[in-house]
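# any chance you could fold what I've pasted below:
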Amino acid sequence: MSAIATNSEIIETVDSICVEVSSDFPLVAFHAKDISEVVLLNKSQLHPIPRTQDTFLGLILLRDKTIPVIDLLKSISTINSTQDSSLKLRLIVIKYKNIQIAFHIESVIGYALIHPIPS
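Numbering: from 1, shown residues only. Down below sits the predicted model:
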């Protein structure tokens, strides 16, 4: 977290990593301190689990840890995610309070300082 001084107040900003989940959807930002890594895996490394919600893509084994994989686009929008024919899967792995979860993303856009909306 950083701070920016204005005339009369100090505004806290959040260090964030911006990702694209689809070319049809706006950017999504994750708090940089919660990101473990971004990985590119073969789709064969994803193990689907039958009879689960369509937002749950399955499980991966990453550094001897089993991590659930969520389709971020289906989770936050009504846009249908298109399963591309690529044999690769780009994931952003988040660790928060000793829980790891991976989100399927299209690409990492970059780093940003996010400012709160003034009240």
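# CA atoms for contacts and neighbours, from now on please.
Fine.
# next structured bit after the worst-scoring helix or strand of the chain on mean pLDDT?
The helix or strand of the chain with the lowest confidence, counting by mean pLDDT, DSSP states H and E, is strand 2-5 at a mean of 44. The element immediately downstream of strand 2-5 (helix or strand, assigned by DSSP states H and E) is strand 10-20.
# next, the buried residues of that following strand.
Val14, Asp15, Ser16, Ile17, Cys18, Val19, Glu20 (16 or more other CA atoms under 10 Å).
# show me the helices in this structure, by range?
72-76 (DSSP state H).
# quick one: the strands in it, in order.
Using DSSP state E, the strands of the chain run over 2-5, 10-20, 28-31, 35-42, 56-62, 65-71, 88-96, 99-104, 107-114.
# any idea which of the ones you listed has the lowest pLDDT on average?
For these, mean pLDDT drops lowest on strand 2-5, to a mean of 44.
# tell me the spacing between Lys88 and Thr52.
Look at Lys88 and Thr52: by CA to CA, to the nearest Å, they are 22 Å apart.
# more neighbours, those two?
Lys88 (14 against 10; other CA atoms under 10 Å).
# do I have it right that the more buried one meets Gln45?
No - with contact defined as CA atoms under 8 Å, Lys88 and Gln45 do not form a contacting pair (9.4 Å).
# report the beta-bridge partner residues of Leu40.
Each beta-bridge partner of Leu40 is listed here, defined by DSSP bridges: Arg90.
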